[in-house]
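**Q** sequence first, then the predicted structure, then my questions.
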Amino acid sequence: MMAMPMESPISFTNVGRIRWWQRGIFATQTGYVLLALAVLLVIMHFASPYFFTEGNMQNVAKNFSFIAIATLGVTFVIITGGIDLSVGSMMCFSAMITSMVMTELSAPGSPAGSLFVHMAADGKTVIANVPGLILLVSMLAGLGVALVAGLVNGFCIAVLGLSPFVTTLGMLSIVRGLGYVVSNGRGSFPGGPDADYFYALTSGDVLGLPVPFIYLVILALAMAVVLHHTSFGRHVFALGGNEKAAELTGIPVVRVKIEVYVICALAAGLQGIIISGWLGSAPANMATSYELNVIAAAVIGGANLAGGIGGPLGAIVGCVLLEVIRNGLVLAQVSSYWQQTLVGVIIILAVLVDRIRSRMT
Amino acid sequence: MMAMPMESPISFTNVGRIRWWQRGIFATQTGYVLLALAVLLVIMHFASPYFFTEGNMQNVAKNFSFIAIATLGVTFVIITGGIDLSVGSMMCFSAMITSMVMTELSAPGSPAGSLFVHMAADGKTVIANVPGLILLVSMLAGLGVALVAGLVNGFCIAVLGLSPFVTTLGMLSIVRGLGYVVSNGRGSFPGGPDADYFYALTSGDVLGLPVPFIYLVILALAMAVVLHHTSFGRHVFALGGNEKAAELTGIPVVRVKIEVYVICALAAGLQGIIISGWLGSAPANMATSYELNVIAAAVIGGANLAGGIGGPLGAIVGCVLLEVIRNGLVLAQVSSYWQQTLVGVIIILAVLVDRIRSRMT
Amino acid sequence: ANYRFVIVPKAMNNPFFDFARDGCLKRAKELGNIECIYKGPVEHEPATQAQIIQDFVTQKVDGLAISVADVAAMTKSIEAATAAGIPVITFDADAPGSKRIAYIGTNNKEFGVALGKQLAKMRPDGGKYAMVSGGPGAKNLAERVDGVREALKGSKWTEVAGSPTFCNDDPALAVQQMTDMRTATPDLAAIVPIGGWPMFAPEGFKAFASRNKKDIDSGKFTLVVADTLRMQLELLRDGYANALVGQRPFEMGEKAMDTLLAIKKGEKVPEIVYTGLDLVTKDNVAQMLK
Amino acid sequence: MMAGQATIEPVLELTGIGKEFGAIRALHDVDMQVFPGEVVGLMGDNGAGKSTLVKIIAGNFRPSHGEIRFAGNAVHFSRPVDARAVGIEVVYQDLALADNLTAAANVFLGRELKRRFGPLALLDHKAMAARALELFGELRSETRPGDLVKQMSGGQRQAVAIARTRLSNARLVMMDEPTAAISVRQVEQVLGLIHRLKEQGVAVMLISHRMPDVFAVCDRVVVMRRGEKRADKSIHETSPEEVTALITGAKEAA
Amino acid sequence: MMAGQATIEPVLELTGIGKEFGAIRALHDVDMQVFPGEVVGLMGDNGAGKSTLVKIIAGNFRPSHGEIRFAGNAVHFSRPVDARAVGIEVVYQDLALADNLTAAANVFLGRELKRRFGPLALLDHKAMAARALELFGELRSETRPGDLVKQMSGGQRQAVAIARTRLSNARLVMMDEPTAAISVRQVEQVLGLIHRLKEQGVAVMLISHRMPDVFAVCDRVVVMRRGEKRADKSIHETSPEEVTALITGAKEAA
Ligand SMILES: Nc1ncnc2c1ncn2[C@@H]1O[C@H](COP(=O)(O)OP(=O)(O)OP(=O)(O)O)[C@@H](O)[C@H]1O
Ligand SMILES: Nc1ncnc2c1ncn2[C@@H]1O[C@H](COP(=O)(O)OP(=O)(O)OP(=O)(O)O)[C@@H](O)[C@H]1O
Ligand SMILES: [Mg+2]
Ligand SMILES: [Mg+2]
């Protein structure tokens, strides 16, 4: 292997063993925010005896799952050094389209509906096809619009080279506006024979665990694998670390960028559909200004808006932290006026814990 | 001067003259967004006969001045590569404190008020001091709280090294919450004998120009001088270009960072006070989510969130563009629901114009 | 259309105002010579509303009906519009003391009182109660909160700490807050949302109410909710709430058109028109749903 | 040397290449040929346009004028990945490393080793780390494959950038000052590496300010000055003194 | 040479300097003295810890162990500006330039020339551009003061970084591979510059992998290996071959 004689062997005598506390999660912001979260949980336990009840824990698990899936998506974008402000609107629009399509397809008279349902003699609606088909088609419709919006975002950013902030801010406005246009400002409701499947799939429980939480866990695991064990994930990180270098080393930068914005939009769309299933409605003002929460959750969990750093665990930890603060303050019966102030203070304190690490090294 | 003999003289024979269209504003995004703005103005002129009336132009001038001063401030922060999400809340809080202090000082019975006013025999309130003193003190109070918030932001970001996004998002919440706390959710309005001066100073006209517009022009000129002709401005740009290098070359990074966040908070505070003068009120939900507009205006005008690029002209152009879109769509009687969609589309198209330049080189 | 009348809501993202809009559009069509324009800030934010009004003044529309986001701010805007010769009325939320010619809508204080009285009537034995509000900045909501408190003053009802919570008009958040408050105070005997927000999320509301169904049925937990949109009525019918007290936004929209037209024609109009409240319980819900 | 190779087809042929950046004429009318198995030294003063030329060939910039032929065909690379696809490998002067990734990840960026797990193709971390360690060993560089590039010394970073070129079957390797930051013993290895590439018939373009290195490995030296090609000589027909004079402008052309 | 200077106070004195980055021991127990008017060459393999040592002296990192004395006093720099204040000037290996500013702005960063207009002190753009052009001229570098550093070639960037050191009255100048990217004729100028600094009584620490440069200007050479100091010899008592052997580890210490 070695073509030339060696003067002295290559060795790393000046490198010691990396201790457990210098490695893995302990070397990241995520680990320290997790620590802050633990402290917060203890405080909340003392602030309200009901905090650690099973019912409340289930609630917390469900509530944070409601933004966590979108946070996973936005984390992809943040790792590449981008930002997506359209997640809130996207949630709403996908949810709205899903329920509208579902309602439309379930109306026996309507042109599209006649393919899927017909009216029985007794005036009841009967499914003409496989049960669940309506649900499938309407969810695909909802995710389809998310896909389109994600493609447009990705195209503007990757191909035309527009700033992600401006593009997705524009998309925020466009998608929210379209939501008002298609529903005439009213929002929509899931309906028809498949609505019950829909509710079961979005707000049911399995073995005491809320289903959104289960989806979240599955998606987070998938995301961990994709980020750390596929070349797509590698390229996402490389892009965030040094876009120029990524381009020069032959990474298909444009494709990767479009893909992350599509993933983000799809995650937001899915999230919106799940929320609307739980709400039983897709109001036109649903998820207004959730984008800041979602991005904040990712950043609090350790993703870096400058790019190159982030992961699913951090996204989830950030979401849990935000939800525990929200839920805990209500449980502790803090005055609503002070709540908002405290939310801000606790957020800052939580990320401050991470500085312990930097000071120690 | 030259100590050694030269082999051939230093000269730049391979450098030609820079043409006018490769230089100055024509080489920046600002220039091209200005072009887009011009196109938009023409379109709006055809869309509504009222658009170019004197009254409407005055309105437009006033309205964009209402976010432009804050945009100048946030541009400083953006140039250093930071972000300030607390501007909206800061506007509200400063305005609220100003009106509350003004009202308090003008109440003859109150402890503080007795220094400034007393009750005449006929039951009228009489100013005990120089006229305008109450106004001055209350404006200083309003700006004072902004100063404190800016210092806290700067301290957390520069000294503790927290992420600007998280810190200022926390501050957004804190300041908004404090606004609710001090006013008991009700907001406040300017009152007392000095209120008329206050209205004159904030919403009057001078030679047909709205005063906020005049302030804006003065502040923008000052900002241009500071950015391009003082060492502070140099350091702001250097920080945004390469923070590590700035630190290594002996720039007082911490001080400069704290200063930009303070400037940003003061600008937001001033902006809030001016708005409240025009509104005649400082409601507790004033300027909610203005932060996105303000940042968007700066970015549309050419400031780069990655740092190192930006300026007052761009900030103003961005604000004018947003206001013209808003005002124009109302005047053109576009359906309200489509308006939101169109706002998004036009924002994206406006920055797209800048790509012409990149494609040309 | 001979006349262009504008109806300016506090926030377009609130479904309540859709009914006012629909009423306005229907009436405008009936009257024939009127165009109804619906436009307001997307979120509840006073300065934006003021700017929109200014734009309409520039356009020289024929009349404005405003749901006032902030009294002091609107007082100035209304003065400017009036000075430009545009008649202004208010609906839903009033600006007393301004130059508005008329107010059409609910007396919000009374609205709150009605909510409180309804609760006291159903549960004279009293207990702990909490409220859910939309946002701290809205004056009409603050009046409702005061109304509820006033109605329950001296009764056996006590308000828990942390009430009201503010859901920022977000249905999901409203339901989450109700769940949390119930967790925080297990012997909470009533929740009074002073707007329909939690019920705008029917499944979420059902999930919350189902978990407390036993208590609701046995009269240990009472839900008295403001507003009477269709989905709310359905929820009441199915036993997920005890009573609703509703306003009549559709009527507000209709009357706003009538009033503005009357003003334009130089007729005299009453300064205050209360559109009235609907009290809905199990007994009359079927009738309301027709 | 050149004459002898005239019958073989050049792997790279530039005709009249020019590039303007606004008012700066970075390159002007550059003609050049590189043959398989030939090592060409590209020298010139700072700002002479060497890196710009490399970047144009690598598809990073488009030339303002002129034509590029690669292996006989006219090519128009619109992005670096196109150039890489036809077999052009580059060590950039600014190294083009993703700081937040490990040395091994950077070496394999864009051509990761994978293992199939049913339908999934997952990264083979172990194999990449082992191969990267081997490559660094060949360069005699004490660089740890698992370390983040961010934390590395200047020379270690350069070793990472050079190691990349060993992975592909390139037909043309361009190295822009590959020995600037590395230490004496690694310099030898890099020169050795260039020799081996030459033996395998790969064309190499070496940009360097180090006269001894150029004269040790190059067959031919091209001197640029202010964007123009001033000389193109077989290494045997010139001397370090002449090249220096050409670089500094003491001698106008040769 | 050293013996002769022992009576003079050293401008810089390091005792037992050590630095760990997590598990990496970048420096271990380094003792060193630098006297006024002395040029010390610091050599070593890639990753030997040279840049880390420079950064510690410049106040960029804090040492994990050991003591730094500057001009007789123990110093604890918590940030680079402190070191700059006492008269330590550094050319960093990664150049530390703000890419979005012009060459002139970078040269004067942190010590801008100003003109007073009443209470205002405004930047004197003209004077800075003129002085920067002069400095680049001294280095024989064709670098335009008004160009953005972003658009510059590697050597031009290095010239900007070197030009900075000419502005201050430093007592110790440390140059971390200042000649890595620059062309033959500028190398001469930089070595000339070091000579002039020496004549003015300034202490210079030169890090370089180029043996000829080190032997041309240095009075003494210090060799580092894997974070440890392996040799500290007067230039007259050693040879390039011995230094190479020390760097590569063929010879353990001297
Ligand atoms: N992106 C760019 N924009 C504008 N000018 C540029 C750009 N890149 C390079 N230049 C200019 O083109 C000229 C040639 O630069 P180039 O990097 O090719 O020089 P070089 O020969 O590689 O020099 P060095 O030996 O210093 O690396 C320089 O004057 C430089 O300022
Ligand atoms: N910030 C850091 N974090 C972790 N390790 C570091 C850091 N900086 C340097 N190191 C490690 O310390 C060791 C010494 O690095 P240093 O940059 O001092 O080497 P050097 O002697 O300057 O090498 P070169 O000649 O390549 O510039 C290297 O192994 C490097 O990986
Ligand atoms: Mg170069
Ligand atoms: Mg080094």
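**A** Good, I have the coordinates. Ligands and ions are numbered 1, 2, ... in the order given.
**Q** C-alpha coordinates for stretch A:94-103, PDB please?
**A** Only the C-alpha atoms of stretch A:94-103 are listed here, as PDB (Å, rounded to 0.1, in the frame of the first residue of the first chain):
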ATOM      1  CA  SER A  94     -53.400  21.100   3.600                       C
ATOM      2  CA  ALA A  95     -55.900  20.400   6.300                       C
ATOM      3  CA  MET A  96     -58.400  22.500   4.600                       C
ATOM      4  CA  ILE A  97     -58.000  20.900   1.200                       C
ATOM      5  CA  THR A  98     -58.100  17.400   2.800                       C
ATOM      6  CA  SER A  99     -61.400  18.100   4.500                       C
ATOM      7  CA  MET A 100     -62.900  19.900   1.500                       C
ATOM      8  CA  VAL A 101     -62.000  17.000  -0.800                       C
ATOM      9  CA  MET A 102     -63.400  14.500   1.700                       C
ATOM     10  CA  THR A 103     -66.600  16.400   2.000                       C
END
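**Q** and the contacts of it?
**A** For stretch A:94-103, contacts defined as CB atoms under 8 Å, 6 or more residues apart in numbering or on different chains pick out A:134-135, A:137-139, A:141-146, A:179, A:182-183, A:187-192, A:194-195, A:198, A:268-270, A:272-273, A:275-276, A:281-282, A:284, A:286. Placement of C-beta: from N, CA and C, glycine included.
**Q** all the strands of the stretch 51-200 of chain C, residue numbers only.
**A** Remark: strands assigned in the stretch 51-200 of chain C by DSSP state E, counting those that start in this stretch are C:63-66, C:88-91, C:102-105, C:127-133, C:157-159, C:165-166, C:188-193.
**Q** using a markdown table, lay out those strands together with distance to residue D:215 and mean pLDDT.
**A** Listed next are these as a markdown table, based on distance: least, CB to CB, whole Å; pLDDT from 0 to 100:
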| stretch | distance to residue D:215 | mean pLDDT |
| --- | --- | --- |
| strand C:63-66 | 86 | 94 |
| strand C:88-91 | 90 | 94 |
| strand C:102-105 | 93 | 92 |
| strand C:127-133 | 83 | 93 |
| strand C:157-159 | 91 | 92 |
| strand C:165-166 | 78 | 88 |
| strand C:188-193 | 86 | 93 |
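**Q** what's the separation between the residue in the stretch 51-200 of chain D positioned nearest to ligand 2 and residue E:24?
**A** Residue of the stretch 51-200 of chain D nearest ligand 2, by CB to the nearest ligand atom: residue D:155 (2.6 Å). The spacing between residue D:155 and residue E:24, counted by CB to CB, to the nearest Å, is 15 Å.
**Q** quick one, which of the two is more surrounded?
**A** Neighbours were counted for residue D:155 and for residue E:24 using other CB atoms under 10 Å in any protein chain shown; residue D:155 has more, 28 against 20.
**Q** so what's the residue count around the residue nearest to the more buried one when sequence neighbours are not counted?
**A** Spatially, and ignoring its direct neighbours in sequence, residue D:155 is nearest to residue E:46 (2.7 Å; CB to CB, 6 or more residues apart in numbering or on different chains). Neighbourhood size, residue E:46 [other CB under 10 Å]: 25.
**Q** got it, and residue C:284?
**A** By the criterion of other CB under 10 Å, residue C:284 has 12 neighbours.
**Q** which SSE is the residue of the stretch 51-200 of chain D closest to ligand 2 in?
**A** In this structure, residue D:155 sits in helix D:154-164 according to DSSP states H and E.
**Q** name the helices or strands packed onto that helix?
**A** strand D:88-91, helix D:103-107, helix D:125-138, helix D:184-199 (3 or more CB pairs under 8 Å, 6 or more residues apart in numbering or on different chains; DSSP states H and E).
**Q** what about that helix, distance to the chain center?
**A** The chain centre lies 13 Å from the centre of helix D:154-164; the measure is CA atoms, centre = their mean, to the nearest Å.
**Q** export that helix as PDB, just CAs?
**A** Presented in PDB, the C-alpha positions along helix D:154-164 are these (Å, rounded to 0.1, in the frame of the first residue of the first chain):
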ATOM      1  CA  GLY D 154      -4.300  24.100   8.000                       C
ATOM      2  CA  GLY D 155      -2.100  21.300   6.700                       C
ATOM      3  CA  GLN D 156      -4.500  18.600   7.900                       C
ATOM      4  CA  ARG D 157      -7.300  20.300   5.900                       C
ATOM      5  CA  GLN D 158      -5.200  20.400   2.800                       C
ATOM      6  CA  ALA D 159      -4.500  16.700   3.200                       C
ATOM      7  CA  VAL D 160      -8.200  16.100   3.300                       C
ATOM      8  CA  ALA D 161      -8.700  18.000   0.100                       C
ATOM      9  CA  ILE D 162      -5.800  16.100  -1.600                       C
ATOM     10  CA  ALA D 163      -7.000  12.700  -0.400                       C
ATOM     11  CA  ARG D 164     -10.200  13.300  -2.400                       C
END
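**Q** what's next to that helix, contact-wise?
**A** A:249, D:89, D:91-92, D:95-97, D:103, D:106-107, D:109, D:132, D:135-136, D:139, D:141-143, D:147, D:149, D:152, D:175, D:178-183, D:186, D:190, D:193, E:45-47, E:51, E:93-94, E:177, E:180, E:209.
**Q** residue ranges in the stretch 1-150 of chain A under the pLDDT threshold?
**A** Applying pLDDT under 70 to the stretch 1-150 of chain A flags residues A:1-26, A:113, A:119-121, A:123-129.
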